[in-house]
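*Asks:* Provided below for reference: sequence and predicted model.
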Amino acid sequence: MICGGSGITPMFQLLSYILQSKDDTTQIAMVFANVSEKDIILRDELENLRDKYPDHFRLWYTVSEAPERWTYSTGYVNEQILQEHIYPSSNDTITLICGPPPFIEFACYSSLNKLNYAKNMIYTF
């Protein structure tokens, strides 16, 4: 899952459903991009899910404007961030993207293409 700003809203619904389904063993890695730390929507809820389901949910943030104590990525979503924080491309891996059109087109598609993700395994909304 790759989210930009308010693109977290539909992703959060899907994430919550998957993680709370007792028989679902789906593993999820999320990269969530924002302008600044204060712009991170649903941060407490996301971190609670990460802490409650550590074997099923990995969470990583990136912000354009990072404070001094920031321990996550700084800058736009790019090839390196995705390579390090989402699951690699495979036949049983899908990538979901939600965010503003320029974020999807120039940050996500471009980086995923460089990492050889199959287009038929990438879904945007």
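*Replies:* Yep, that arrived. If you're wondering where the values come from, they're calculated on a predicted model, not measured in any experiment.

*Asks:* and the longest helix for this protein?
*Replies:* helix 8-20 (DSSP state H).

*Asks:* quick one: buried residues of that one?
*Replies:* I8, M11, F12, L15, I18, L19 (16 or more other C-beta atoms under 10 Å). All C-beta spots, glycine's among them, are computed from the backbone N, C-alpha and C.

*Asks:* quick one: contacts of that helix?
*Replies:* 1, 3, 24, 26, 28, 30, 32, 41-42, 45-46, 49, 52-53, 56-57, 96, 98, 125 (C-beta atoms under 8 Å, 6 or more residues apart in numbering).

*Asks:* ok, now stretch 94-112?
*Replies:* 1-11, 14, 33, 76-79, 81-82, 86, 89, 117, 121-125.

*Asks:* Narrow these to those in strands?
*Replies:* Among the contacts of stretch 94-112, the members found in strands (DSSP state E) are I2, C3, G4, A33, I122, Y123, T124.

*Asks:* Pull up the gap between the first one and V77, please.
*Replies:* It stands for I2. Distance, I2 to V77, by C-beta to C-beta, to the nearest Å: 6 Å.

*Asks:* what's the overlap in contacts for those two?
*Replies:* V31, A33, C108.

*Asks:* My assumption is that the last one lies in a strand; please confirm.
*Replies:* No. Secondary structure of C108, determined by DSSP: H, G, I helix; E, B strand; the rest coil: helix, with no strand assignment.

*Asks:* That one - how many residues pack around it?
*Replies:* 27 (other C-beta atoms under 10 Å).

*Asks:* Give me the pLDDT for it.
*Replies:* With respect to pLDDT, C108 scores 97.

*Asks:* Likewise for the one 3 residues further on?
*Replies:* S111 is assigned a predicted lDDT (pLDDT) of 97.

*Asks:* What distance do you get for the closest residue to it other than its chain neighbours to A66?
*Replies:* What sits nearest to S111 in space, not counting adjacent residues and going by C-beta to C-beta, 6 or more residues apart in numbering, is E79, at 4.4 Å. Separation of E79 from A66 (C-beta to C-beta): 19 Å.
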